[in-house]
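Q: model the following, please.
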Amino acid sequence: MRLEKLNIDEWDRALPSRGFEVFHTPAALETLDEHTSAERRLYGAFKGQEAVGLLPVFVSSYGIGRTITSPPAGMGVPRLGPLVMPTSPKQRKRESVTREFVELVLDEIDSDSVRSLVHMECPIDYDDPRPFQWADLKVGQEFTYVLDLAKRSADDVQSGFSRDLRKNIRRAEETDMTVSVGDVSAAINVYDDVADRYADQGETFDVDRGFFRDLVTALGERCRTYVARDGDGEYLGGIVVLYSDDTAAFWQGGVGKSYDGVSVNSRLHWAAITDIIDEDVGVDGADVTGYDLVGANTPRLCEYKSKFGADLVPYYTVESTGVGMSAAKRVYSSIK
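A: Modelled structure (predicted):
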């Protein structure tokens, strides 16, 4: 196995057909690169001409050391991290490829230096973090909710919802509320809605407005903005949904208040879900079969998200250990 630094075109050619996050796409990585001061490095591991591992990292240097992160902090990116694509289905081969790939990458980025802080939030399809643990990095586990929509009807999916969620969606469909797919300006309305909600709570929404606009624009058909309006056309709320080749992920928004006694947010999510069921989303040739509600780690939010009857799916975090990392981690967490 050999490790190479890739340019964005080489990365695009090496990207697998499934199993990656939308932020692994060239459009997203290019936009991240334009809006962060960190150095973007794209690593690819190859056996012969076949790509077997990919990892984008963002390296920032400071006076006391450097951070090596995937994803970069403060950009609103839920997960990024490594992709492993073994050429053999055998477990032994998969483990061998994963271990060798991780060892090569960690050696290349000098992860065991006392001056380096490593932090990764891995994609949900990355299922073997042990090589990071064996390299004395701390492996943690987080969770998200993913609703399986493969070969299911709308009635079948809705039957798995909680009773009050089903009732709320039915009542919402009986009001004069409408849901449509908007353009970039509609996405900016959603951004401003979220920023205002943070301000009302005395907090700052850290995702940069320019980055948000540029990402939505760059992703094109990999992004949809669902907007709810009342009978007079007044804005009620919206959500921004991003699409990989197999999964749609709720990204921003969802702060709409109730309208006529029903939840605006539930109606928006249902519109995104039914479009997936109707195969009316994603890029050409893609087969989107899941809806990721993004995040199942906050009790208050889980109370709502669990009503969709989605599967609880784990994903892994990786970070440096040691007393000397404590201050750096606190800074990283405050930015994140």
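
Q: which SS class is the residue minimising distance to the centre of the chain?
A: By Cα atoms, centre = their mean, the chain has its centre lying nearest to residue 78, at 4.1 Å. Using DSSP: H, G, I helix; E, B strand; the rest coil, the structure places residue 78 in coil.

Q: helix or strand next in line after the host helix or strand of residue 268, which one?
A: Following DSSP states H and E, one finds residue 268 within helix 264-277. On the C-terminal side of helix 264-277, the closest following helix or strand by DSSP H and E is strand 290-292.

Q: show me how far that next one is from its chain's centre.
A: Chain-centre distance of strand 290-292: 11 Å, with Cα atoms, centre = their mean, to the nearest Å.

Q: can you check stretch 82-97 too?
A: 23 Å.

Q: who's in contact with it?
A: 1, 15-16, 19-20, 24, 47, 50-55, 70, 98, 101-102, 105, 120, 122-123, 125-126, 128 (Cβ atoms under 8 Å, 6 or more residues apart in numbering). From N, CA and C alone the C-beta is placed, and that goes for glycine too.

Q: go on, stretch 166-176?
A: 158-159, 161, 230-231, 259-264, 266-267, 270.

Q: for the closest residue to residue 65 other than its chain neighbours, give me its contacts.
A: The shortest distance from residue 65 to any non-neighbouring residue, by Cβ to Cβ, 6 or more residues apart in numbering, is to residue 115 (3.6 Å). By Cβ under 8 Å, 6+ apart, the contact list for residue 115 reads 64, 65, 66.

Q: ok so, going back, let's verify the residue nearest to the residue nearest to the centre of the chain when sequence neighbours are not counted: helix, strand, or coil?
A: Excluding the flanking residues, the one nearest residue 78 by Cβ to Cβ, 6+ apart is residue 294, at 5.4 Å. Under three-state DSSP, residue 294 falls in the coil class.

Q: could you do the one 10 residues further on as well?
A: For residue 304, the assignment made with three-state DSSP gives helix.

Q: what's the local residue count around it?
A: As a burial measure, residue 304 scores 16 neighbours (other Cβ atoms under 10 Å).

Q: can you show me the helices along the stretch 151-300 of the chain?
A: Taking DSSP state H, counting those that start in this stretch, the helices of the stretch 151-300 of the chain run over residues 154-159, 163-174, 184-200, 209-219, 264-277, 299-305.

Q: turn those helices into CSV, columns for distance to residue 146.
A: Formatted as CSV, the helices of the stretch 151-300 of the chain follow (distance: least, Cβ to Cβ, whole Å):
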stretch, distance to residue 146
helix 154-159, 13
helix 163-174, 17
helix 184-200, 22
helix 209-219, 20
helix 264-277, 12
helix 299-305, 11
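
Q: nearest to residue 139, out of those helices?
A: Closest to residue 139 of the helices of the stretch 151-300 of the chain, according to Cβ to Cβ: helix 299-305, at 22.3 Å.

Q: just checking: what are the partner strands of the next helix or strand after that closest one?
A: Following helix 299-305 in sequence order, the next helix or strand is strand 311-319 (DSSP H and E). Paired neighbours of strand 311-319 in the sheet (DSSP bridges): strand 116-121 (antiparallel), strand 138-148 (antiparallel).

Q: pull the residues that contact the first one.
A: The contact list for strand 116-121, computed with Cβ under 8 Å, 6+ apart, reads 57, 65-71, 73, 78-82, 106, 109-111, 132, 137, 142, 315, 317-320, 325, 328-329, 332.

Q: could you measure from residue 146 over to residue 248?
A: Applying Cβ to Cβ, to the nearest Å, the value for residue 146 to residue 248 is 10 Å.

Q: which of those two has more neighbours?
A: When residue 146 and residue 248 are compared for neighbours, residue 248 comes out ahead with 26 against 22, by other Cβ under 10 Å.

Q: so who does that one touch?
A: Residue 248 is in contact with 241, 242, 272, 276, 281, 282, 288, 290, 291, 292, counting by Cβ under 8 Å, 6+ apart.

Q: one more: residue 160?
A: For residue 160, the contacting residues are 308, 309, by Cβ under 8 Å, 6+ apart.
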